[in-house]
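I'll drop the sequence and a predicted model, then ask my questions.
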Amino acid sequence: MKKKWYIVQLIAGYEEKVKDEILKRVQEQGLQDEFGEVLVPEVKASGSFFNQLSTAAIEQLFPGYMLISLVPSIENFRLVTTVYRVIRFLGGEYPSELSPLEVERILSQVSGKISVASSDVVIYNIGDHVEIIEGPFNGFSGIINSIDEQKQKIVVMISIFNRLTPIEVLFNQAKK
(Lines give C-alpha, C1' and ligand atoms only; values in the text may rest on other atoms or scores of the structure.)
Protein backbone atom coordinates (compact mmCIF):
# COMPACT_ATOMS: atom_id res chain seq x y z
CA MET A 1 0.00 0.00 0.00
CA LYS A 2 1.15 3.56 -0.72
CA LYS A 3 2.33 5.96 1.99
CA LYS A 4 0.14 8.99 2.63
CA TRP A 5 0.73 12.22 4.52
CA TYR A 6 -1.11 13.01 7.76
CA ILE A 7 -1.04 15.79 10.33
CA VAL A 8 -0.40 14.90 13.95
CA GLN A 9 -1.36 17.30 16.75
CA LEU A 10 0.93 17.33 19.76
CA ILE A 11 1.91 19.48 22.70
CA ALA A 12 3.66 22.57 21.33
CA GLY A 13 7.35 22.81 22.09
CA TYR A 14 7.93 19.05 21.99
CA GLU A 15 7.92 18.57 18.22
CA GLU A 16 11.54 17.40 17.95
CA LYS A 17 11.28 15.07 20.96
CA VAL A 18 8.11 13.47 19.58
CA LYS A 19 9.72 13.13 16.15
CA ASP A 20 12.76 11.42 17.68
CA GLU A 21 10.55 9.05 19.70
CA ILE A 22 8.47 8.09 16.64
CA LEU A 23 11.60 7.40 14.59
CA LYS A 24 13.06 5.36 17.47
CA ARG A 25 9.91 3.21 17.72
CA VAL A 26 9.79 2.69 13.95
CA GLN A 27 13.44 1.53 14.04
CA GLU A 28 12.88 -0.75 17.07
CA GLN A 29 9.84 -2.41 15.49
CA GLY A 30 11.40 -2.71 12.03
CA LEU A 31 8.66 -0.67 10.35
CA GLN A 32 10.89 1.43 8.07
CA ASP A 33 8.91 0.22 5.04
CA GLU A 34 5.63 1.36 6.64
CA PHE A 35 6.82 4.87 7.57
CA GLY A 36 8.27 7.62 5.43
CA GLU A 37 9.33 11.07 6.51
CA VAL A 38 8.45 12.62 9.87
CA LEU A 39 8.50 16.37 9.29
CA VAL A 40 8.42 19.29 11.71
CA PRO A 41 7.84 22.08 9.17
CA GLU A 42 10.29 24.93 9.74
CA VAL A 43 10.94 27.94 7.53
CA LYS A 44 13.35 30.81 7.30
CA ALA A 45 11.36 33.92 8.03
CA SER A 46 12.68 37.43 8.19
CA GLY A 47 12.07 38.73 11.67
CA SER A 48 12.70 42.41 11.16
CA PHE A 49 11.58 45.33 9.16
CA PHE A 50 15.00 46.00 7.63
CA ASN A 51 15.30 42.82 5.56
CA GLN A 52 18.74 43.57 4.12
CA LEU A 53 20.30 44.16 7.53
CA SER A 54 18.87 41.20 9.39
CA THR A 55 19.41 37.50 9.23
CA ALA A 56 16.51 35.14 8.70
CA ALA A 57 15.22 33.29 11.74
CA ILE A 58 14.08 29.69 11.75
CA GLU A 59 10.43 29.46 12.72
CA GLN A 60 8.09 26.54 12.97
CA LEU A 61 5.43 26.72 10.33
CA PHE A 62 2.79 24.98 12.47
CA PRO A 63 3.72 24.94 16.18
CA GLY A 64 2.06 21.99 17.90
CA TYR A 65 1.76 19.99 14.67
CA MET A 66 3.93 17.70 12.60
CA LEU A 67 3.52 15.90 9.29
CA ILE A 68 4.10 12.20 8.94
CA SER A 69 4.15 9.97 5.89
CA LEU A 70 2.99 6.40 6.54
CA VAL A 71 1.06 3.49 5.17
CA PRO A 72 -2.43 3.90 6.65
CA SER A 73 -3.18 1.11 9.11
CA ILE A 74 -4.58 0.89 12.61
CA GLU A 75 -1.25 -0.41 13.91
CA ASN A 76 0.71 2.48 12.38
CA PHE A 77 -1.75 5.08 13.69
CA ARG A 78 -1.57 3.46 17.13
CA LEU A 79 2.25 3.54 17.10
CA VAL A 80 2.13 7.32 16.60
CA THR A 81 -0.76 8.13 18.97
CA THR A 82 0.78 6.17 21.87
CA VAL A 83 3.88 8.38 21.86
CA TYR A 84 3.94 10.62 24.92
CA ARG A 85 2.79 14.19 24.12
CA VAL A 86 0.94 13.20 20.92
CA ILE A 87 -2.68 14.35 21.13
CA ARG A 88 -4.23 12.94 17.97
CA PHE A 89 -4.23 12.73 14.20
CA LEU A 90 -6.32 15.42 12.52
CA GLY A 91 -9.51 14.12 11.01
CA GLY A 92 -11.53 12.62 13.80
CA GLU A 93 -12.08 8.89 14.24
CA TYR A 94 -10.15 7.99 11.09
CA PRO A 95 -7.25 10.33 10.23
CA SER A 96 -7.63 12.56 7.18
CA GLU A 97 -4.83 12.38 4.64
CA LEU A 98 -3.39 15.52 3.11
CA SER A 99 -3.97 16.14 -0.56
CA PRO A 100 -0.90 16.09 -2.84
CA LEU A 101 -1.39 19.83 -3.43
CA GLU A 102 -1.30 20.58 0.32
CA VAL A 103 1.82 18.45 0.77
CA GLU A 104 3.52 20.14 -2.19
CA ARG A 105 2.73 23.61 -0.82
CA ILE A 106 4.09 22.78 2.64
CA LEU A 107 7.23 21.15 1.26
CA SER A 108 7.79 24.19 -0.99
CA GLN A 109 7.59 26.49 2.02
CA VAL A 110 10.00 24.32 3.99
CA SER A 111 12.49 24.14 1.11
CA GLY A 112 12.36 27.92 0.65
CA LYS A 113 10.73 27.94 -2.78
CA ILE A 114 7.82 29.90 -1.31
CA SER A 115 8.80 32.67 1.08
CA VAL A 116 6.97 32.99 4.37
CA ALA A 117 6.95 36.27 6.23
CA SER A 118 7.02 36.27 9.99
CA SER A 119 3.50 36.73 11.27
CA ASP A 120 4.45 39.15 14.01
CA VAL A 121 6.50 41.55 11.86
CA VAL A 122 5.23 45.12 12.09
CA ILE A 123 7.09 47.95 10.49
CA TYR A 124 7.69 50.70 13.02
CA ASN A 125 9.21 54.09 12.31
CA ILE A 126 10.40 56.77 14.68
CA GLY A 127 7.56 59.26 15.14
CA ASP A 128 4.76 56.70 14.60
CA HIS A 129 1.80 56.88 16.96
CA VAL A 130 1.26 53.54 18.75
CA GLU A 131 -1.02 52.15 21.42
CA ILE A 132 0.38 49.91 24.16
CA ILE A 133 -1.70 46.70 24.16
CA GLU A 134 0.13 44.64 26.77
CA GLY A 135 1.96 45.09 30.07
CA PRO A 136 1.70 47.64 32.88
CA PHE A 137 1.10 50.53 30.45
CA ASN A 138 -1.74 48.77 28.62
CA GLY A 139 -4.13 51.37 27.18
CA PHE A 140 -1.58 54.19 26.99
CA SER A 141 -0.64 55.65 23.63
CA GLY A 142 2.38 57.60 22.54
CA ILE A 143 5.00 58.35 19.94
CA ILE A 144 7.93 56.06 19.06
CA ASN A 145 11.18 57.70 20.15
CA SER A 146 13.64 54.92 19.24
CA ILE A 147 13.75 51.41 17.84
CA ASP A 148 16.02 48.53 18.88
CA GLU A 149 15.60 45.99 16.10
CA GLN A 150 18.09 43.53 17.65
CA LYS A 151 16.06 43.20 20.87
CA GLN A 152 12.74 43.81 19.06
CA LYS A 153 11.91 46.69 21.38
CA ILE A 154 10.74 50.25 20.91
CA VAL A 155 10.88 53.24 23.24
CA VAL A 156 7.54 55.02 23.34
CA MET A 157 7.06 58.48 24.82
CA ILE A 158 3.81 58.46 26.80
CA SER A 159 2.23 61.16 28.93
CA ILE A 160 2.06 60.37 32.64
CA PHE A 161 0.87 63.23 34.88
CA ASN A 162 1.33 65.62 31.94
CA ARG A 163 5.01 64.69 31.58
CA LEU A 164 6.46 62.80 28.62
CA THR A 165 7.93 59.57 29.95
CA PRO A 166 9.91 57.05 27.88
CA ILE A 167 8.89 53.41 28.28
CA GLU A 168 10.40 50.41 26.57
CA VAL A 169 8.09 47.74 25.14
CA LEU A 170 8.48 44.74 22.87
CA PHE A 171 7.25 44.97 19.28
CA ASN A 172 4.29 42.72 20.06
CA GLN A 173 3.24 44.86 23.04
CA ALA A 174 2.30 47.80 20.82
CA LYS A 175 0.17 48.34 17.75
CA LYS A 176 -0.06 51.12 15.19
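That came in fine, so what should we check first?

show me what the helix of greatest length in the chain packs onto, helices and strands only.
Criterion DSSP state H: the longest helix present in the chain is helix 15-29. Helix 15-29 makes packing contacts with strand 35-39, strand 65-70, helix 74-81 when contacts are defined by 3 or more CB pairs under 8 Å, 6 or more residues apart in numbering; DSSP states H and E. The C-beta positions use only the backbone N, C-alpha and C, and glycine is treated the same way.

so where's this structure shaky on pLDDT?
43-59, 112-122 (pLDDT under 70).

circling back: just name the most buried of the helices and strands packed on helix 15-29.
Most buried of these by mean neighbour count (mean count of other CB atoms under 10 Å) is strand 65-70; its value is a mean of 21.

between it and helix 15-29, how many degrees?
20 degrees (axes from the mean of the first three to the mean of the last three CA atoms, to 10 degrees).

partner strands of strand 65-70, with direction?
Looking at strand 65-70 with DSSP bridges, its partner strands are strand 4-10 (antiparallel), strand 35-39 (antiparallel).

minimum distance to residue 84: which of those has it?
In terms of CB to CB, the element of these nearest to residue 84 is strand 4-10, at 9.5 Å.

quick one, what contacts residue 69?
Residues in contact with residue 69 (CB atoms under 8 Å, 6 or more residues apart in numbering) are 3, 4, 5, 6, 35, 36, 37, 38, 39.

what's the answer for residue 41, then?
Contacts of residue 41 by CB under 8 Å, 6+ apart are 60, 61, 62, 65, 66, 67, 106, 109, 110.

let's see that with 10 Å instead.
Taking CB atoms under 10 Å, 6 or more residues apart in numbering, we find residue 41 in contact with 7, 15, 59-63, 65-67, 106-107, 109-110, 116.

got the contact list for stretch 83-102?
3-15, 17-22, 24-25, 64-70, 72, 74, 76-77, 79-81, 103-106.

now stretch 127-139
122, 124, 140-145, 147, 154, 156, 158, 160, 165, 167-176.

buried ones among those?
Burial by neighbour count, 16 or more other CB atoms under 10 Å: within the contacts of stretch 127-139 this picks out 124, 140, 142, 144, 147, 154, 156, 158, 167, 169, 171, 173-174.

right, I'll leave it there.
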